[in-house]
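>>> give the three-dimensional model of this entry:
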Amino acid sequence: MKQPLICSNDLLRRQREKDRRTLSFKSFYSSFSIGRRINARRSGELKQGYYTDRYEKWVGWSAIAIVLLSTLDGFFTLNILEKGGTEVNPFMQALLEYDTQVFLFSKLVITVTCVLFCLVHINFHMFRVLSMKIMIKSILAIYLALIGYEIFLLTII
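Predicted structure coming up:
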């Protein structure tokens, strides 16, 4: 089947029109807010894991909460240390001995990196056993318990 000839007026009009595929702030924003893929496309992906464009709301809020709680943990740790406590994590203790700002910055970078890794792989299983969704919930629960414990320590010291 022959393709129809394109009139020169149509060709000129198409050349003048803005290309819809060009990058702009709107396309950048849309990629984060209006992503199309939220579920697996094939049934086999459910077993293997799959990447998505969008996440469930609780996942995003949990990630933000984990980062905030980690930051709060860093400040509570510094307050507990001022009142005579000790850091039990040897890596963090070494950072604290070097500089408190390096300690806080490193704690934040490590937490954000791990949370982003979990977010990207939210529909996968770690070691084919543990769901990343359960990991996010568990990390959040652990941080909540840790903050509660640190508040308790700060009240009795």
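>>> what is the neighbour count of Thr100?
The local packing of Thr100 (other CB atoms under 10 Å) involves 14 other residues. (C-beta placed from N, C-alpha, C; glycine too.)
>>> leaving out chain neighbours, which residue sits closest to it?
With sequence-adjacent residues excluded and distances taken as CB to CB, 6 or more residues apart in numbering, Thr100 is closest to Leu78, at 6.2 Å.
>>> what sits against the nearest residue to Leu95 once chain neighbours are set aside?
Nearest residue to Leu95 in three dimensions, chain neighbours excluded: Phe103, at 4.2 Å (CB to CB, 6+ apart). For Phe103, the residues meeting the contact criterion (CB atoms under 8 Å, 6 or more residues apart in numbering) are Gly74, Leu78, Met92, Leu95, Leu96.
>>> what's the answer for Gly85, then?
For Gly85, the set of contacting residues under the criterion of CB under 8 Å, 6+ apart consists of Thr77, Leu153, Ile157.
>>> what about the first one, helix or strand, and which?
Okay, so that is Thr77. Secondary-structure element containing Thr77, defined by DSSP states H and E: helix 57-82.
>>> for that helix, packing partners?
Using 3 or more CB pairs under 8 Å, 6 or more residues apart in numbering; DSSP states H and E as the contact definition, the elements that helix 57-82 packs against are helix 100-120, helix 132-156.
>>> format those as CSV; extra columns: mean pLDDT.
Supplementary listing: the helices and strands packed on helix 57-82 in CSV, determined by pLDDT from 0 to 100:
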stretch, mean pLDDT
helix 100-120, 93
helix 132-156, 94
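>>> count the residues that sit near Leu69.
As a burial measure, the neighbour count of Leu69 was computed by other CB under 10 Å and equals 19.
>>> you'd agree it is up against Ile147?
Yes - contact status for Leu69 versus Ile147: in contact at 5.7 Å, counting by CB atoms under 8 Å.
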